[in-house]
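> with the sequence up front, the predicted model follows.
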Amino acid sequence: MVTFNNTKIAFENKNNTQLRKAYWLFKFMGINWLTKIGAVLLKIALFLRLPVKGLVKITVFEHFCGGESIEECETRIQELANFNVKTILDYSAEGKETDEDFDLSMGKAVASIERAKKDTNVPFCVFKVTALMPFDVLKKVSAKEELSEQETLDYQKGRNRIDIICQNAANAGIPLMIDAEESWIQDAIDEIALIMMHRYNRDSAVVYNTAQMYRHDRLEYLKELYRQSVIEGFYIGMKVVRGAYMEKERERAARKGYPSPIQPDKAATDTDYNLAITFCVEHLDKFAICCGTHNEASSQLLTELIEAKGLHRDDKRLFFSQLLGMSDHISFNLSKKDYNVSKYVPYGPVAEVMPYLIRRADENTSIAGQTGRELRLIQEELDRRTREAS
């Protein structure tokens, strides 16, 4: 049985200086008003080109990101690999709108596949569909609205970029994750993901879609996708997460007067999340899954399912994943027991990755107990090391 309270294993990759730095970083992020003001001031400073990049790079960027390029991520990739933890490279520049930017994002995705081919330390690659085509086009496709001639062209270009990335992944034998996004563009993303699964998942799961279980319709989506895969003869890759846009989703639903797609409470999300990973494990004839969660109970559940089914801990159809810089007590204790574990390692220019970093700061102030848990575990390990040294 895996336990997640062994802080010696959890922080084995960090020295005392690094641990204390992480402690004060989470301490800062735990102060809600200070985090919100800091995020606004940082945006202003970057817009005015004030010299704050260096400060950002040695604090939040260093903690949550691998580097500004794939090459800069190599040190982090090897550090994680030393503890049997894999890396998922994620080019995290956001908010792009031009063909030049979309083509750059496609190039980054293909480059991450090329890096993944070199060794087993990078078992997946990942991309966002909104990095490859306009958000508004995806919104209209999801709403089944008619596209203009230019929008049709933009949509086809985006689909072609995705197909190029998937073709490269299939040729390289590298599984590829498509991130989930806001519900009002997700239908278009689901449709594209299904087309790519039909095309590239004939022999095994290469293309993975993402199910955000804080949506009350996602469990049925998984079950329907399974029924479809049996009839139509393809495999399903699925990253199962709780979700990243809850407050935005609820606010938009209230403003526009439609039923919220979000679960009524956290308990309902937790229930559906656990039902989802249970369903996937019970149908491994068609599923390969990545359990993306910072939740100890859900991580424990998957280990129990693996053991109960008599599956190998290193079965490539079963992966755990957490974000770099968070929940190391889950990642490293699982890897110590030889489960497949990966860290999402974002990279990109500091200014371009700021939306991602601001979301991490917001997440650590809004998720109940997340910052407190990180602080408590770090303090426990620092105390343990003090006792051991005395």
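Everything's here; your move. Bear in mind that the values here come from a model prediction, so they are computed numbers and not experimental data.

> got a list of what the residue nearest to Ala22 when sequence neighbours are not counted touches?
The shortest distance from Ala22 to any non-neighbouring residue, by C-beta to C-beta, 6 or more residues apart in numbering, is to Ile378 (5.9 Å). Any C-beta I mention is one placed from the backbone N, CA and C, and that applies to glycine too. For Ile378, the contact set (C-beta atoms under 8 Å, 6 or more residues apart in numbering) comprises 11, 19, 22-23, 26.

> can you pull out the helices in the stretch 201-350 of the chain?
All helices of the stretch 201-350 of the chain, identified by DSSP state H, counting those that start in this stretch, fall at 218-232, 246-256, 266-282, 296-308, 328-336, 350-366.

> send the alpha carbons of the second one over as CSV?
Put plainly, it is helix 246-256. Taking Å, rounded to 0.1, in the frame of the first residue of the first chain, the C-alpha atoms of helix 246-256 are listed here in CSV:
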residue,chain,number,x,y,z
MET,A,246,-14.7,26.3,-12.6
GLU,A,247,-15.1,30.0,-11.6
LYS,A,248,-15.1,31.2,-15.1
GLU,A,249,-17.7,28.5,-16.1
ARG,A,250,-20.1,29.4,-13.4
GLU,A,251,-19.9,33.1,-13.9
ARG,A,252,-20.5,32.8,-17.7
ALA,A,253,-23.5,30.4,-17.2
ALA,A,254,-25.0,32.9,-14.7
ARG,A,255,-24.4,35.9,-16.9
LYS,A,256,-25.8,34.3,-20.0
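
> show me which residues of it are buried.
246, 249, 252-253 (16 or more other C-beta atoms under 10 Å).

> so which residue is smack in the middle of this protein?
What sits nearest the mean C-alpha location of the chain, by C-alpha atoms, centre = their mean, is Tyr344, with 5.8 Å.

> by pLDDT, give me the weakest of the contacts of Ile378.
On pLDDT alone, Phe26 ranks lowest of these, at 84.

> which helix or strand contains it?
helix 16-29 (DSSP states H and E).

> on that earlier part again, from what I see, the residue nearest to the centre of the chain and Leu324 are in contact.
Yes: between Tyr344 and Leu324 there is a contact under C-beta atoms under 8 Å: 6.1 Å.

> okay, and the helix or strand of the chain with the least pLDDT?
helix 32-47 (a mean of 60; mean pLDDT, DSSP states H and E).

> ok, then the element right after it?
Next in sequence after helix 32-47, counting helices and strands by DSSP H and E, comes helix 53-56.

> avg pLDDT for that next one?
73.

> helices or strands next to that helix in the packing?
Applying 3 or more C-beta pairs under 8 Å, 6 or more residues apart in numbering; DSSP states H and E, one finds that helix 53-56 makes contact with helix 350-366.

> same question for the helix it packs on, mean pLDDT?
pLDDT averaged over helix 350-366 gives 68.

> ok, back up a step: okay, who's weakest in the buried residues of helix 246-256 by pLDDT?
Minimum pLDDT across the buried residues of helix 246-256 is recorded for Met246, with 81.

> so that residue touches Ile262, yeah?
Yes: using C-beta under 8 Å, Met246 makes contact with Ile262 at a distance of 5.7 Å.

> poorly predicted segments of the chain, please.
Filtered on pLDDT under 70, the chain yields the residue ranges 30-52, 94-95, 359-369.

> go again using 50 as the cut-off
Residue ranges of the chain with pLDDT under 50: 366-368.

> just to revisit the earlier point, nearest to Leu138, of the contacts of Ile378?
Using C-beta to C-beta, Phe26 is the member of the contacts of Ile378 that lies nearest Leu138, at 34.5 Å.

> show me what contacts the residue lying closest to that closest one once chain neighbours are set aside?
Spatial nearest neighbour of Phe26, excluding adjacent residues (C-beta to C-beta, 6+ apart): Glu374 at 4.7 Å. By C-beta under 8 Å, 6+ apart, the contact set of Glu374 is 22, 26, 326-327, 364.

> just curious, which of the residues you listed is nearest to Ile165?
Nearest member of those to Ile165, counting by C-beta to C-beta, is Met326, at 26.7 Å.

> got the contact list for Phe4?
So Phe4 contacts 10, 296, 299-300, 329-330, 333 (C-beta under 8 Å, 6+ apart).

> just flag the most distant two among the residues you listed.
Ala10 and Gln300 (15.1 Å).

> the more surrounded of those two?
Using other C-beta atoms under 10 Å as the criterion, Ala10 and Gln300 rank with Ala10 on top: 22 against 16.

> from Leu138, how far out is the residue nearest to Lys248 when sequence neighbours are not counted?
Excluding the flanking residues, the one nearest Lys248 by C-beta to C-beta, 6+ apart is Glu182, at 6.8 Å. Separation of Glu182 from Leu138 (C-beta to C-beta, to the nearest Å): 9 Å.

> Glu296 now?
34 Å.

> neighbour count winner among the two?
Neighbours per residue, other C-beta under 10 Å: of Glu296 and Leu138, the larger number sits with Leu138, 26 against 17.

> and the more buried one, what does it touch?
Counted by C-beta under 8 Å, 6+ apart, Leu138 has contacts 129-130, 181, 185, 188-189.

> tell me the SS of it?
Assigned by DSSP: H, G, I helix; E, B strand; the rest coil, the conformation of Leu138 is helix.

> try Leu382
helix.

> that one contacts Asn16, correct?
Yes: between Leu382 and Asn16 there is a contact under C-beta under 8 Å: 7.0 Å.
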